[in-house]
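> need a structure here:
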Amino acid sequence: MIQDIAPDRLDNAYAFHVPRTEDPVLLFDDKGKLYVRAQEGRLCFTTAKDIPDAGAVYLFAVNDTRYFLAPQTAECVLPGFEYKGIRELRELGQGSELFAAFTAYHLWKWYSDNRFCGKCGTRNGYHPLQRALQCPQCGQVIYPRINPAVIIGVIKDDCLLITRYRTGYAHNALVAGFSEIGETLEQTVQREVMEETGVRVRNIRYYKSQPWGMAQDLLMGFYCDAEGDGDIHMDENELRYAEWVRRDEIVLQPNDLSLTNDMMKQFKQNNTVAFG
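The predicted structure follows:
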């Protein structure tokens with residue numbers, strides 16, 4: 001999956017650093033597209049040499065490489081570089097560079113959405129000691145937002161409930177959705193499956209999790225069993241496809257980046273240790 005970058009290691013502890021000449025300074029436009037050059041499956045980023053403006057914000061490190069976020073006013077023109085959306089990067093990159101781009105996008109989105117205090121409207125500043133923004137007027141502190149969401153592998157005999165979204169990602173997927181206020185994760189699983197497909201489920205068991213910077217999510221994967229005949233009543237506003245698919249007929253996604261694809265693969269390969 002996208003976070004499996006070993007032997008590389010992410011260090012997301014907050015610190016105050018000044019970028020060195022060779023450090024990546026990631027430049028996003030106002031739509032969240034990243035200025036990159038894709039070369040043989042690798043992503044090349046702008047560096048402090050290319051963007052010398054003061055004001056770059058330290059994000060995280062991968063091994064000894066420190067990543068920074070360029071200030072919103074920064075500009076750069078380099079041969080071979082283009083602005084690419086996060087979904088495009090998913091098809092262009094791999095390894096630690098792609099994970100860095102996703103994680104940086106998560107933080108860019110948070111910084112971009114919280115430029116002003118939600119209480120008094122004053123422009124926020126950087127907190128001096130932690131990964132946070134702080135209002136200089138009323139003192140409110142804002143921390144990075146992480147959205148809890150579930151990915152659900154619904155099983156009926158030798159079949160898995162496969163879906164495709166009405167818009168956006170075009171490949172096979174599983175039922176998924178965000179947790180609502182006051183819900184447990186298990187209740188989210190039950191509600192999302194019912195809302196999207198009309199299927200009731202039981203025997204809910206946790207599989208594993210994944211950070212997914214594209215939507216500022218922490219994805220949590222669950223398998224569960226369909227109750228009764230598993231008759232599908234699809235929500236056509238959310239999905240354009242929802243069917244029970246035999247394990248040997250499941251078509252996987254074109255890459256191994258997502259928890260969704262990992263869960264489909266485990267079922268397809270009949271890995272009972274993984275899905276129960």
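> Please verify my assumption that residue 250 contacts residue 171.
No. Using Cβ atoms under 8 Å, residue 250 is not in contact with residue 171, being 11.6 Å away. C-beta coordinates here come from the backbone N, C-alpha and C atoms, glycine included.
> the helices in the protein, which residues?
Taking DSSP state H to define them, one finds helices in the chain at 86-92, 95-113, 185-197, 259-268, 272-275.
> Name the residues of the first one that come out as buried.
Read it as helix 86-92. Neighbour-count burial for helix 86-92, counted by 16 or more other Cβ atoms under 10 Å, picks out 86, 89, 90, 92.
> which residues sit in contact with the last one?
This points to residue 92. Residues near residue 92 by Cβ atoms under 8 Å, 6 or more residues apart in numbering: 36, 38, 41, 43, 84.
> Narrow those residues to just the buried residues.
Neighbour-count burial (16+ other Cβ under 10 Å) applied to the contacts of residue 92 gives 36, 38, 43, 84.
> so which of those residues would you say is closest to residue 232?
Using Cβ to Cβ, residue 84 is the member of the buried ones among the contacts of residue 92 that lies nearest residue 232, at 36.5 Å.
> How about that closest one: which residues does it bridge to?
Note on residue 84: beta-bridge partners by DSSP bridges are residue 34.
> Do I have it right that it meets residue 37?
No. Judged on Cβ under 8 Å, residue 84 makes no contact with residue 37 at a distance of 9.5 Å.
> Apart from its neighbours in sequence, what residue is nearest residue 214?
Distances taken as Cβ to Cβ, 6 or more residues apart in numbering put residue 86 closest to residue 214, at 5.2 Å, once the chain neighbours are dropped.
> Relative to residue 177, how far out is that neighbour?
Going from residue 86 to residue 177 by Cβ to Cβ, to the nearest Å gives 20 Å.
> Then residue 208?
18 Å.
> so for stretch 88-100, what's the average pLDDT?
In this model, stretch 88-100 carries a mean pLDDT of 91.
> Helix or strand with the lowest mean pLDDT in the protein?
Ranked by mean pLDDT, DSSP states H and E, the weakest helix or strand in the chain is helix 272-275, scoring a mean of 84.
> Surely residue 254 and residue 171 touch.
Yes. Counting by Cβ under 8 Å, residue 171 is a contact partner of residue 254 at 6.5 Å.
> Tell me, how many residues neighbour residue 66?
Residues near residue 66, counting by other Cβ atoms under 10 Å, number 21.
> Not counting its neighbours along the chain, what's nearest it?
Counting by Cβ to Cβ, 6+ apart, residue 66 lies nearest to residue 23, which is 4.8 Å off, once chain neighbours are set aside.
> ok, that neighbour - contacts?
Shown in contact with residue 23 (Cβ under 8 Å, 6+ apart): 47, 48, 65, 66, 67, 68.
> Tell me which two of these sit farthest apart.
It's 48 and 65 that sit farthest apart of the contacts of residue 23, by Cβ to Cβ, at 12.0 Å.
> okay, the two: which has more neighbours?
Remark: of residue 48 and residue 65, residue 48 carries more neighbours, 19 against 16, as counted by other Cβ under 10 Å.
> returning to that earlier point: closest to residue 56 out of the contacts of residue 92?
Nearest to residue 56 out of those is residue 36 (Cβ to Cβ; 16.6 Å).
> The closest one and residue 64, how far apart?
Residue 36 is 21 Å from residue 64, where distance means Cβ to Cβ.
> try residue 89
Remark: distance between residue 89 and residue 64 (Cβ to Cβ) = 23 Å.
> Closest one to residue 234 out of the buried residues of helix 86-92, please.
residue 90 (26.0 Å).
> quick one: the closest one and residue 253 touch, right?
No. The criterion here is Cβ under 8 Å, and residue 90 misses it with residue 253 at 10.2 Å.
> What pLDDT does the model give residue 39?
For residue 39, the model assigns a pLDDT of 85.
> neighbours of it, just the number please.
11.
> Just grab the bridge partners of it for me.
Beta-bridge pairing for residue 39 (DSSP bridges): residue 42.
> how close does it get to residue 119?
In this view, residue 39 and residue 119 are 45 Å apart by Cβ to Cβ.
> ok, now which ones touch residue 178?
Residues near residue 178 by Cβ under 8 Å, 6+ apart: 147, 148, 149, 188, 217.
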